[in-house]
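Asker: give me the fold of what follows.
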Amino acid sequence: MARRPTTVELDEGVLDALRRAARAEGRLEAEVVEEALRRYFGLRGLAVLADIAETQAANDVSIREEEAMALAVEELRALRAERASRASA
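Answerer: Modelled structure (predicted):
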């Protein structure tokens, strides 16, 4: 996916929170913003579902939509738990 630079104006409090979050997670501010926007637009879940479907197709395994959604939710919960444990460490 191609990346393009952009400029946005943010409230100072939001910008401070962004900087703190990026620093705490050892990530770039742009990565935190992109993740937040993906979550806002629901793209993260769609990407997880696409990854699952791709893997299943590559392994010649069929999966029902309900099973795929359950796997996606499980993966998101695991990711959040991992981040929470890193943040508390």
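
Asker: what distance do you get for Glu74 to Arg39?
Answerer: From Glu74 across to Arg39, the span is 17 Å (Cβ to Cβ, to the nearest Å). Where C-beta positions appear, they are placed from N, C-alpha and C, glycine not excepted.

Asker: the host helix or strand of Arg20: what's the following helix or strand?
Answerer: Assigned by DSSP states H and E, Arg20 belongs to helix 12-25. As assigned by DSSP H and E, the chain's next helix or strand after helix 12-25 is helix 29-41.

Asker: quick one: work out the angle between that next one and helix 12-25.
Answerer: Calculated by axes from the mean of the first three to the mean of the last three Cα atoms, to 10 degrees, helix 29-41 forms an angle of 110 degrees with helix 12-25.

Asker: does anything pack onto helix 29-41? Which helices or strands?
Answerer: With contacts defined as 3 or more Cβ pairs under 8 Å, 6 or more residues apart in numbering; DSSP states H and E, helix 29-41 has these neighbours: helix 12-25, helix 43-58.

Asker: how about those, which one is nearest Glu65?
Answerer: Evaluated with Cβ to Cβ, these place helix 43-58 nearest to Glu65, the distance being 8.7 Å.
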